[in-house]
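Trainee: Whatever this is, show me its structure:
(chains A and B)
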Amino acid sequence: EAQVTQNPRYLITVTGKKLTVTCSQNMNHEYMSWYRQDPGLGLRQIYYSMNVEVTDKGDVPEGYKVSRKEKRNFPLILESPSPNQTSLYFCASSLTGGGIEQFFGPGTRLTVL
Amino acid sequence: AQSVTQPDIHITVSEGASLELRCNYSYGATPYLFWYVQSPGQGLQLLLKYFSGDTLVQGIKGFEAEFKRSQSSFNLRKPSVHWSDAAEYFCALFSYSNYQLIWGAGTKLIIKP
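Mentor: Take a look at the predicted model:
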């Protein structure tokens, strides 16, 4: 089944403890992206990747890192999480950067205490 | 500036009544527009999309949307809502800037029995 998977789905952590949220797609998509969803703000793009080894900042990149060593994986790294990063995170992929329709993972709910 | 506005934070509709959710966009070129639905605690499901052509777009679950360029709008409609339609609805615009989706803040639909 074609899909985008994220792990973990739920995570509660403490301030400053490094964490990684994984994202993987099995559709051979070139483009991948991370969004965060906050009440009243919709979704906002954190980082995106046009292809392997090519990443760039979205609208809200502060406090996050990403890497794209393989086409299928696009992990989101929080080196020192803070409470303002408590949010619902979505990974998305599309065939290419200009591939307009994006496919979303199920989301990861992160709470930073 | 590119933006999506959903003017209604909440809408309450009686079961069986018709529904219209408003979406206005600002974009300098031909817009590619989407409606997504998010049920409580769930991920994002694509309801419908507009790329070009017929301005009345049919989607899943009996939803439709009409693109009106003159009004910069892409309103979502359903002739008769069911209790299972209670969810949050998001309008989104594809932007070639960062190849991202730009999201409205969402409209929460409440169904009265």
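Trainee: ok, the longest strand anywhere in chain B near chain A or not?
Mentor: The single longest strand within chain B, with elements called by DSSP state E, is strand B:87-95. Yes - Strand B:87-95 is in contact with chain A by C-beta under 8 Å from any C-beta of the partner chain, via B:90, B:92, B:94. Any C-beta I mention is one placed from the backbone N, CA and C, and that applies to glycine too.
Trainee: Compile the residues you listed into JSON lines and extend it with columns for pLDDT and neighbour count.
Mentor: Below are these laid out as JSON lines (pLDDT from 0 to 100; neighbours: other C-beta atoms under 10 Å in any protein chain shown):
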{"residue": "B:F90", "pLDDT": "96", "neighbour count": "25"}
{"residue": "B:A92", "pLDDT": "95", "neighbour count": "25"}
{"residue": "B:F94", "pLDDT": "90", "neighbour count": "22"}
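Trainee: now for the helix or strand where B:Y36 lies, which elements pack on it?
Mentor: According to DSSP states H and E, B:Y36 maps onto strand B:33-38. Counting contacts by 3 or more C-beta pairs under 8 Å, 6 or more residues apart in numbering or on different chains; DSSP states H and E, strand B:33-38 is packed against strand B:45-50, strand B:64-68, strand B:73-78, strand B:87-95.
Trainee: Deepest-packed of the ones you listed, please.
Mentor: strand B:87-95 (a mean of 23; mean count of other C-beta atoms under 10 Å in any protein chain shown).
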